[in-house]
Structures are given as C-alpha cells and as structure tokens.
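Colleague: below are the sequence and a predicted model; questions follow.
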Amino acid sequence: MFVNGQAMSGGSLNDALDGARFLGAALTAPRYRFYSVRDEFPGLHPVAEGGAAVPGEVYEMPYAMLRDQLLPREPAELELGVIELADGHGSLSMRMRAWALGQPGVTDISEAGGWLAYLAAAGRRTAK
C-alpha cells in the first residue's frame, strides 16, 4: 500500500498501519496531480498529461488490516485504487474521487514536493 498523507510516518493515521511492514519511501510515476483537501488530507488523481511524481511510503500489510484498520478512517473524498510507482510497479493507494476535485477547499499542491513539504511550508507538522 502506497500512502502519501496522514498515514505516513508521524501522521495522524499512521497508527492504522500498526503491524504493517514498512518497505520504504517511494515516488509515484509522474502521472498524477496532487491535491490538498481543506488542508486536512491530500489526494492523488491520475491525469493524461501534466502529471507530477508524488512522494510517499510503501507498506506491506494483510488485506484484513487494510479493510479493518485503514479504510474505515479514510475520508469520503478518497477511494481505493491502483497507482503506478516511479519504478513501474503498481500499488494500492487512496485516490481522489473525480467528484471531489471541484469541491470547495480543494487546492492543487502538485508542485509542493509532497504532503509533508506542503505542511512544512504552511508551518504545520500535521494537518488540522
């Protein structure tokens, strides 16, 4: 599972990955735009052109952990999908639902260097 927001190390959802095996930092392929939703959490959305590579972390976990610990805590604006990593491998990840892109408080942060860099630039360690 590729995570790029509050489930990363030190984030408010990282405890949902207790028991998962951390495989390391990773980048997505440059096929996504990256959004902040009300400065509470980020979301990836695939694009045909103009995409950016987004940093995150990859974890190995059983499907029961994904189903019972992580997914119930994800916001409605996100859905489980498959993304492409920079090395060409695929991974499960949360992605922005298309309907959420036009909602108030959604800002494109693709050039910010990832969620943690975006929060640091805004002067916060974690989201609200």
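Modeller: The structure has been received and is ready for your questions.
Colleague: point out where this structure drops to low pLDDT.
Modeller: Applying pLDDT under 70 to the chain flags residues 125-128.
Colleague: which parts of it are helices?
Modeller: For the chain, the helices defined by DSSP state H cover 63-65, 115-121.
Colleague: which of those sits most buried?
Modeller: helix 115-121 (a mean of 18; mean count of other Cβ atoms under 10 Å). (Glycine included, C-beta is placed from N, CA and C.)
Colleague: starting at the chain centroid, how far to that helix?
Modeller: 13 Å (Cα atoms, centre = their mean, to the nearest Å).
Colleague: that older thread, so which of the helices of the chain gets nearest residue 39?
Modeller: Closest approach to residue 39 among these (Cβ to Cβ): helix 115-121, 8.1 Å.
Colleague: show me the one of the helices of the chain that comes nearest residue 92.
Modeller: Across these, residue 92 has its closest neighbour in helix 63-65 (9.4 Å, Cβ to Cβ).
Colleague: tell me which residues are up against the closest one.
Modeller: Helix 63-65 has contacts (Cβ atoms under 8 Å, 6 or more residues apart in numbering) with 17, 19-20.
Colleague: so what's residue 29 closest to, chain neighbours aside?
Modeller: Ranked by Cβ to Cβ, 6 or more residues apart in numbering and with sequence neighbours excluded, the top spatial neighbour of residue 29 is residue 84, at 4.2 Å.
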